[in-house]
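[1] heads up, no residue letters with this:
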């Protein structure tokens, strides 16, 4: 998999690899947090089966306008998005490596 990633991706993926339960990111607008973290979560979910990952924001409209849009865009760009794996009612995406 060939992804162009930022320092935000790299630092968070290293922290995640150290088996941390929570990772908190703060910073200004346009600092690549949402996009980089979406990439990281996709890579993590593809390489780690049978995990539940929750993505939260203060409000659902904010989550839908940023994280959900970016996740779907990135997965489509990677050629891995499958509408059949996306429960739009529950806002759950199940990766194909889940048992």
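    Sure thing, it's come through. Just so we're clear, the structure is a prediction, and the values are computed from it rather than from any experiment.

[2] Report the distance from the longest helix seen in the chain to the chain centre.
    With secondary structure taken from DSSP state H, the chain has its longest helix at helix 33-47. Computed by CA atoms, centre = their mean, to the nearest Å, the chain-centroid distance of helix 33-47 equals 4 Å.

[3] How about stretch 22-37?
    11 Å.

[4] Run through who's touching it.
    5-6, 8-9, 12, 15-16, 66-67, 70, 74 (CB atoms under 8 Å, 6 or more residues apart in numbering). Backbone N, C-alpha and C define where each C-beta goes, glycine included.

[5] Which of the residues you listed ranks first by neighbour count?
    Highest neighbour count within the contacts of stretch 22-37: residue 12, with 22 neighbours (other CB atoms under 10 Å).

[6] Just confirm that residue is within a helix.
    Yes: counting by DSSP: H, G, I helix; E, B strand; the rest coil, residue 12 is located in a helix.

[7] Use 114 as the first number from now on
    In the new count, where the first residue is 114, that last one comes out as residue 125.

[8] State the pLDDT value of the residue lying closest to it once chain neighbours are set aside.
    Once flanking residues are discounted, residue 125 sits nearest to residue 153: 5.2 Å by CB to CB, 6 or more residues apart in numbering. We have a pLDDT of 91 for residue 153.
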